[in-house]
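Engineer: below are the sequence and a predicted model; questions follow.
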Amino acid sequence: MGVKPKIRIGMIGYQFMGKAHSHAYRDLPFYFDNPLEPELTVIAGRNEEAVKEAQQKMGWLSYETDWRRVLERDDVDVIDIVTPNHTHAEIAIAAAEAGKHIITEKPLALTVEESERMLEAVQKNNVKHMICHNYRFVPAVQMAKQLIEQGRIGRIFHFRANYLQDFIIDPNFPLVWRLKKEVSGSGALGDIGAHSIDLARFLVGELKEVTAMMETFIKERPIGEMTGGLSAKGDNSEMGEVTVDDAVAILARFENGTFGTFEATRFAGGNRNKNKFEINGEKGSIRWDMENMNNLEVYLADDETGVQGFRLINCTEEVHPYAGAYWPAGHIIGYEHTFIHLMDEFLRGIHENRQPVPNFEDGVKNQRILAAVEQSAQEKRWISL
Ligand SMILES: NC(=O)c1ccc[n+]([C@@H]2O[C@H](COP(=O)([O-])OP(=O)(O)OC[C@H]3O[C@@H](n4cnc5c(N)ncnc54)[C@H](O)[C@@H]3O)[C@@H](O)[C@H]2O)c1
């Protein structure tokens, strides 16, 4: 076996998603025969002590304290953006102009206008681009997609998604970047609802129109910052205004006539990361829940009367997407593996000279839906896409 060509990664940011992406690059060659071998070349952050610690802990070869330096380096092929949403456009456009391939976290940007500029920049500079809607890459979700494409559930009537978290339910949880519109763009809508919207587009098709309601339950919080994952710290001495939604509910019509309902909230006590959907078609139904991510529930109407009902499929058999790369059936995988699959698609896209999926075009379409939802909630009317 020959030595594989290296693809040299420069990553901007190093906390929650920084850890998920670093791990994915490291584990990818272990499980998958990707034609490229990622090299963790350089990681960037503003605080030297912290970025140096992250560099050593996560196995990067070097660090920079200014992301612009990473873009200038000749030994970097890919820019991976794992910083808060308000930085995505500036970094991605500069990276495209520097001729680097780009992978960025979701949502693509703060606004539709920003996201369109990002798409224009990657197209003009002919670089590969990807957006990290990692839930598409869960084997059970890929299996759902296969069943739908095979026509196993027939014409789809309903797509019903809830993305429920509860990490900011305490009014003393600090005002972190996720709660400031100028940094995050929106609240539960863009942070988690964007994932449900992506799954809807992936599994069912494009949305035609939406109507929505949004609410901010806690209007002021003590100022603070994220400390990694979904935890944060603040000293409770100064308060600031929450400028994004805490919860959103959306009704949608798909272009193919499917009836969509979505709910995204960070105030659903007891639900830590309950990202779930149910799809009802004329010949069957499919249910999935991230908190039980290896399983897919499937109901098929042509099962014999008397034994009909949802069956539980543990998507860990060799025939299931991605599962064959891991363990014997029943030996489950987890959240971090979704990023390994995503990186596999990204690097294959680069190697095969095609755009990986989902990419900035998906990001722009998602961003248009986020904007339409906000507009609908403000104007209390249906918005066409
Ligand atoms: N795909 C997913 O499931 C998922 C999950 C969580 C977050 N995200 C997305 O990932 C991105 C990062 O979120 P996170 O939870 O990792 O955030 P985080 O707060 O844990 O980490 C953000 C990182 O960005 C750095 N940073 C902040 N501002 C910066 C700036 N101006 N310049 C350079 N570095 C800066 C911080 O130092 C930190 O390393 C966001 O876009 C978020 O929406 C996606």
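Structural biologist: Ah, there it is. Numbers count the residues shown, from 1 in each chain.
Engineer: quick check, Phe30 in a strand?
Structural biologist: No - going by DSSP: H, G, I helix; E, B strand; the rest coil, the assignment for Phe30 is helix, not a strand.
Engineer: please enumerate the helices of the protein.
Structural biologist: 16-31, 48-58, 67-72, 88-97, 112-124, 139-149, 181-184, 188, 194-203, 335-351, 360-379 (DSSP state H).
Engineer: highest mean neighbour count out of those?
Structural biologist: Compared across the helices of the chain, helix 188 shows the largest average neighbour count, a mean of 27 (mean count of other CB atoms under 10 Å). (C-beta placed from N, C-alpha, C; glycine too.)
Engineer: other SSEs contacting that one?
Structural biologist: Using 3 or more CB pairs under 8 Å, 6 or more residues apart in numbering; DSSP states H and E, no helix or strand is in contact with helix 188.
Engineer: and the contacts of it?
Structural biologist: With contact meaning CB atoms under 8 Å, 6 or more residues apart in numbering, helix 188 is reached by Tyr163, Gln165, Val244, Asp245, Asp246, Ala247, Val248, Ala264, Thr265, Arg266.
Engineer: how about 6 Å then?
Structural biologist: Under the criterion CB atoms under 6 Å, 6 or more residues apart in numbering, residues Asp245, Ala247, Val248, Ala264, Thr265, Arg266 lie in contact with helix 188.
Engineer: coming back round to it: out of the helices of the chain, which is closest to the ligand?
Structural biologist: helix 16-31 (3.4 Å; CB to the nearest ligand atom).
Engineer: right, is that closest one up against the ligand?
Structural biologist: Yes - against the ligand, helix 16-31 shows contacts by CB under 6 Å from any ligand atom at Phe16, Met17, Gly18.
Engineer: as CSV, the residues you listed with pLDDT would be great.
Structural biologist: Below are the residues of helix 16-31 next to the ligand laid out as CSV (pLDDT from 0 to 100):
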residue, pLDDT
Phe16, 97
Met17, 98
Gly18, 98
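Engineer: where does pLDDT dip in the stretch 1-150 of the chain?
Structural biologist: 1-2 (pLDDT under 70).
Engineer: ok, which residues in it are in contact with the ligand?
Structural biologist: Counting by CB under 6 Å from any ligand atom, the stretch 1-150 of the chain sits next to the ligand at 12-18, 45-46, 67, 82-85, 87, 105-106, 132, 134.
Engineer: kindly report the residues of the stretch 151-300 of the chain close to the ligand.
Structural biologist: So far as CB under 6 Å from any ligand atom goes, the stretch 151-300 of the chain lies against the ligand at Asp191, Met226, Gly228.
Engineer: so the second one sits against Ala232, correct?
Structural biologist: Spelled out, that is Met226. Yes - using CB atoms under 6 Å, Met226 makes contact with Ala232 at a distance of 5.1 Å.
Engineer: what's the overlap in contacts for the two?
Structural biologist: With CB under 6 Å, 6+ apart as the test, Met226 and Ala232 both reach Val176.
Engineer: so which of these two has more stuff around it?
Structural biologist: Ala232 (21 against 16; other CB atoms under 10 Å).
Engineer: now do the contacts for that one.
Structural biologist: Pro174, Val176, Gly224, Met226.
Engineer: could you redo the helices of the chain as JSON lines and give each row distance to His158?
Structural biologist: Shown next, in JSON lines, are the helices of the chain (distance: least, CB to CB, whole Å):
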{"stretch": "helix 16-31", "distance to His158": "31"}
{"stretch": "helix 48-58", "distance to His158": "42"}
{"stretch": "helix 67-72", "distance to His158": "43"}
{"stretch": "helix 88-97", "distance to His158": "33"}
{"stretch": "helix 112-124", "distance to His158": "28"}
{"stretch": "helix 139-149", "distance to His158": "13"}
{"stretch": "helix 181-184", "distance to His158": "30"}
{"stretch": "helix 188", "distance to His158": "22"}
{"stretch": "helix 194-203", "distance to His158": "11"}
{"stretch": "helix 335-351", "distance to His158": "25"}
{"stretch": "helix 360-379", "distance to His158": "18"}
